[in-house]
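Participant: I would like to see how this sequence folds:
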Amino acid sequence: MIAYFTKMYQAVPALMQIYQARGGVFVSTRRSTIKAIKKSYPGTRAELMGRVTGEFSKAATYLKQADVIVTGSPYKKILEGYPARKYTVFHGTYTYLSSRELASMQHFDMLCAIGPRMVSMMENSGLPIKFMVSGYLPFLEYPTRTPSARLDLLTAMGLDPDKKTVLYVPTGKPNGSWDWLAEKLVAEISPDCNLILRPHPSQSVTARIRDTFGFYKLRRLCKKRGATVLDLTSLKLSSLYSISDLVISDGTSTAEESLYYDLPQVFVETDRFSKRHVKNMMLEKGADKEYVERLVSLYDCGTSLTPDTANLQQFLGDSIENAGKYAPYRSEYFSWVFGDRGLDNQHRFMDHLGSITRPPPASIELHKPSR
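Facilitator: Next up is the predicted model:
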């Protein structure tokens, strides 16, 4: 049996591909994550490991009985007490992976590398880690871009399929651009194009009071503008990529993921996060200069938006119009991160897990506390 442990919802799209192929059960310590899983993927077996019931909960029993525990983050203190083999498939593309992060993952029995970039980092880390190439697992649920599929989804969202669709997917706090750019886009972009706003799960799934009030205000502005959707993980991100004509991001995993569809890119650069910040951060982590230069070549795949950019409407229109100029850079960067667009690595990884696990039990016997 496979158990999938995650606190964060952002790891779920990768873990879900294994669940749908090999079964098992999700375990989380966050009620909000369990709720989001069942909302986005109805029928999924998911159990909460609460603070009160702890090791005597159904969730903990699944972890104890698992052949393999698959996760998206280290979680060493939580998982080291369970006898199962431990695999990590990473959450997102781990754009800023370095030897420092790899050193914190040596307790895993297997690291599941996404593609060439990650393989080279693992091979050159000098660390005694075991890995295999799994491919980027969320690609298994990326729908084919067709006019009919686009028509159906945009219509279901209340958007006009004849309009260009702009998708804004920033990273989370404290470095993300959401707090200053979300309302600005709604206010300054003409309703002649569709606008989809998708905040980071750390704000939408585990929303604080400030975030909740902010979404309430933003919904009113969206309604006033029209042709706007604020999506708080109701839809799969892969589906949103499949209907978009332009992606605005902070230059993190979401930008890289969307390159699967060769989508035009706009990168937000602020005082908190930019190409310069990425360079400095990775050099401080000990990455060599050649690797860092290749990493920040992501910003060559599109245009850059700053708080000083004037006339957002014209800027975004030009970014779509001139997308072909950046196509060679998008293609080269995608190949470095993911390899090709085939799914052979993903299917081989599923076969591997199938060979070392048993089917999940229909029911389990809970461990009871001794008196």
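Participant: hey, where'd the strands end up in the protein?
Facilitator: 2-5, 25-28, 46-48, 68-71, 85-88, 110-113, 131-133, 165-169, 194-197, 228-230, 246-249, 265-268, 302-305 (DSSP state E).
Participant: helices of the stretch 1-150 of the chain, start to end?
Facilitator: Taking DSSP state H, counting those that start in this stretch, the helices of the stretch 1-150 of the chain run over residues 12-22, 31-40, 58-65, 76-79, 99-103, 116-123, 147-156.
Participant: name the helices or strands packed onto the fifth one?
Facilitator: Helices and strands touching helix 99-103, by 3 or more Cβ pairs under 8 Å, 6 or more residues apart in numbering; DSSP states H and E, are helix 116-123. All C-beta spots, glycine's among them, are computed from the backbone N, C-alpha and C.
Participant: cool, and the first one?
Facilitator: With contacts defined as 3+ Cβ pairs under 8 Å, 6+ apart, the packing partners of helix 12-22 are strand 2-5, strand 25-28, helix 31-40, strand 68-71, helix 344-356.
Participant: right, so these: which one is the most enclosed?
Facilitator: strand 2-5 (a mean of 28; mean count of other Cβ atoms under 10 Å).
Participant: list the buried residues of stretch 170-189.
Facilitator: Buried residues in stretch 170-189, counting neighbours by 16 or more other Cβ atoms under 10 Å, are found at 170-173, 176-178, 181-183, 185-186, 189.
Participant: what do you get for stretch 276-287?
Facilitator: For stretch 276-287, burial by neighbour count (16+ other Cβ under 10 Å) applies to 277, 278, 279, 282, 287.
Participant: starting at the chain centroid, how far to it?
Facilitator: Distance, stretch centre to chain centre, for stretch 276-287: 22 Å (Cα atoms, centre = their mean, to the nearest Å).
Participant: ok, residues contacting it?
Facilitator: Residues from elsewhere that reach stretch 276-287 (Cβ atoms under 8 Å, 6 or more residues apart in numbering): 96, 98, 99, 100, 175, 251, 289, 291, 292, 295, 296.
Participant: next, count neighbours for the third one.
Facilitator: Other residues near residue 99 come to 15 when the count uses other Cβ atoms under 10 Å.
Participant: which ones are touching the closest residue to it other than its chain neighbours?
Facilitator: Nearest residue to residue 99 in three dimensions, chain neighbours excluded: residue 125, at 4.4 Å (Cβ to Cβ, 6 or more residues apart in numbering). Counting by Cβ under 8 Å, 6+ apart, residue 125 makes contact with 99, 102, 103.
Participant: specify which member of the residues you listed is nearest to residue 211.
Facilitator: residue 102 (32.1 Å; Cβ to Cβ).
Participant: was I right about the closest one contacting residue 129?
Facilitator: Yes - Residue 102 lies in contact with residue 129 (Cβ atoms under 8 Å); the separation is 6.2 Å.
Participant: for the two, work out which one has more neighbours and name it.
Facilitator: Set residue 102 next to residue 129 and count neighbours by other Cβ under 10 Å: residue 102 wins out with 19 against 15.
Participant: could the contacts of residue 125 go into JSON lines alongside distance to residue 271 and pLDDT?
Facilitator: Shown next, in JSON lines, are these (distance: Cβ to Cβ, whole Å; pLDDT from 0 to 100):
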{"residue": "99", "distance to residue 271": "28", "pLDDT": "93"}
{"residue": "102", "distance to residue 271": "30", "pLDDT": "94"}
{"residue": "103", "distance to residue 271": "30", "pLDDT": "93"}
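Participant: residue 18: which of these is nearest?
Facilitator: Looking across these and measuring by Cβ to Cβ, the closest to residue 18 is residue 102, at 21.6 Å.
Participant: excluding its backbone neighbours, what's nearest the closest one?
Facilitator: In space, and not counting its chain neighbours, residue 102 is closest to residue 125: 4.9 Å by Cβ to Cβ, 6+ apart.
Participant: distance of the one you found relative to residue 105?
Facilitator: As judged by Cβ to Cβ, to the nearest Å, residue 125 and residue 105 stand 10 Å apart.
Participant: equivalent analysis for residue 62, please.
Facilitator: In terms of Cβ to Cβ, residue 62 sits 23 Å off from residue 105.
Participant: which one of these two is surrounded by more residues?
Facilitator: In this view residue 62 and residue 105 are compared by other Cβ under 10 Å, and residue 62 has more residues nearby, 26 against 19.
Participant: look at the closest residue to residue 295 other than its chain neighbours and report its pLDDT.
Facilitator: The spatially closest residue to residue 295, leaving aside those adjacent along the chain, is residue 282, at 6.3 Å (Cβ to Cβ, 6+ apart). On pLDDT, residue 282 comes in at 96.
Participant: which neighbours do residue 102 and residue 129 share?
Facilitator: The overlap between the contact sets of residue 102 and residue 129 (Cβ under 8 Å, 6+ apart) consists of 111, 122.
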